[in-house]
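A.B. asks: Would you be able to build a 3D model of this:
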Amino acid sequence: MQRKAYVSGAAALLAVVLAGCTGGSGDGGSTDDANPGDTGATSAAAQPGRYRTLPEPCRAVGDDSLDALLPGIREITDEEQREKAYAGEATLTYDTDRKVGCRWKVDSATATDHLTVDFERVVSYDNAVSDDSQAEELFATKRDAADLPEPVVSETRSAEEPSDTATASASVSGSPSGSASGSAGPPGGSPSAPASSDASASSETSETSPAELQPRLLDGLGDEAFVDDELNSSSSTAERRTVTVAFRTSNVIVTLEYMEQPATVGVVPDSEEMQDRARKLAARLADSLGG
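C.D. replies: So this is what the prediction gives:
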């Protein structure tokens, strides 16, 4: 019994000595191994982007999409050549973890169509800047380089209409659809005046005004997006139209370029049709990314 008491007393003495060596001062002083410059708060590193990998670009576009954008692909009679056309050609890149792409080219009896799709995964090497923020900055540079025109606002917009909806109701003054609607009614624009048959016909044949087809920002596609539309022509060749749709989803930027050159001089590729095809493909790509 005496031995047990002695051991307990020695243990208690040892605990007191250790507490004196490692404990801080009563006024809240720091320990010996504390960093004098450490305030005790650590800043959280910027969040990584959602995407760590990229899709296989030549498989990202389905055959039905290729049929729509490249009509001549169904005209290829040789089965082997047709399969090769569907397969596309991978874009040369030196870092497939960061950037990949694929391109297709198909000739038909009426035109030559080109399609290129590029995926870029943006990674920030600055702990204070997130991958998303870095991608947003790069996309802004890409958007600025496209030099999108300012939206054209109709001068006939109602005074009561909020200014922030002006871009949604933009139209080109003096366009066929605009002039028809502007001259359909009598002076003063009485709401009870019946619309003329000419105005109705114009509405049916031209549902999309030129202003709605101009290069512009797009809603509902990824986190941000835009469409560009450029028509190039020369005296010796047919006019070539190039429609570009680009969008960003988190830290991935997708760029789709769709070009068509008719086989006949004087034929102009249809802007509305090409934009519609390109935007539908872009929406499918965004869905496949989960954006």
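A.B. asks: now the protein, which segments are flagged as low pLDDT?
C.D. replies: Low-confidence segments of the chain, defined by pLDDT under 70, are located at 1-44, 151-209, 234-236, 291.
A.B. asks: would you list every one of the strands in it?
C.D. replies: 89-90, 99-107, 111-121, 216-218, 224-232, 240-249, 252-262 (DSSP state E).
A.B. asks: Just give the strands next to the second one in its sheet, each with its orientation.
C.D. replies: Paired neighbours of strand 99-107 in the sheet (DSSP bridges): strand 89-90 (antiparallel), strand 111-121 (antiparallel).
A.B. asks: In it, which residues are buried?
C.D. replies: The neighbour-count criterion (16 or more other Cβ atoms under 10 Å) identifies 99, 100, 101, 102, 103, 104, 106, 107 as the buried residues of strand 99-107. To be clear about C-beta, it is placed using only N, CA and C from the backbone, and glycine gets the same treatment.
A.B. asks: what do you get for the fifth one?
C.D. replies: Of the residues in strand 224-232, those buried by neighbour count under the rule 16+ other Cβ under 10 Å are 224, 225, 226, 227, 228, 229.
A.B. asks: Show me what it is packed up against.
C.D. replies: Counting contacts by 3 or more Cβ pairs under 8 Å, 6 or more residues apart in numbering; DSSP states H and E, strand 224-232 is packed against helix 131-146, strand 216-218, strand 240-249, helix 271-289.
A.B. asks: Could you list every helix and strand in contact with the second one?
C.D. replies: Same thing as strand 216-218. Using 3+ Cβ pairs under 8 Å, 6+ apart: strand 216-218 touches strand 224-232.
A.B. asks: Kindly export the strand it packs on (C-alpha atoms) in PDB.
C.D. replies: These are the backbone C-alpha positions of strand 224-232, laid out as PDB (Å, rounded to 0.1, in the frame of the first residue of the first chain):
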ATOM      1  CA  GLU A 224     -21.900  32.800 -70.600                       C
ATOM      2  CA  ALA A 225     -21.900  32.600 -74.400                       C
ATOM      3  CA  PHE A 226     -21.900  34.600 -77.700                       C
ATOM      4  CA  VAL A 227     -22.400  34.100 -81.400                       C
ATOM      5  CA  ASP A 228     -20.500  35.700 -84.200                       C
ATOM      6  CA  ASP A 229     -21.500  35.700 -87.800                       C
ATOM      7  CA  GLU A 230     -19.200  36.800 -90.600                       C
ATOM      8  CA  LEU A 231     -19.700  36.900 -94.400                       C
ATOM      9  CA  ASN A 232     -16.600  37.000 -96.600                       C
END
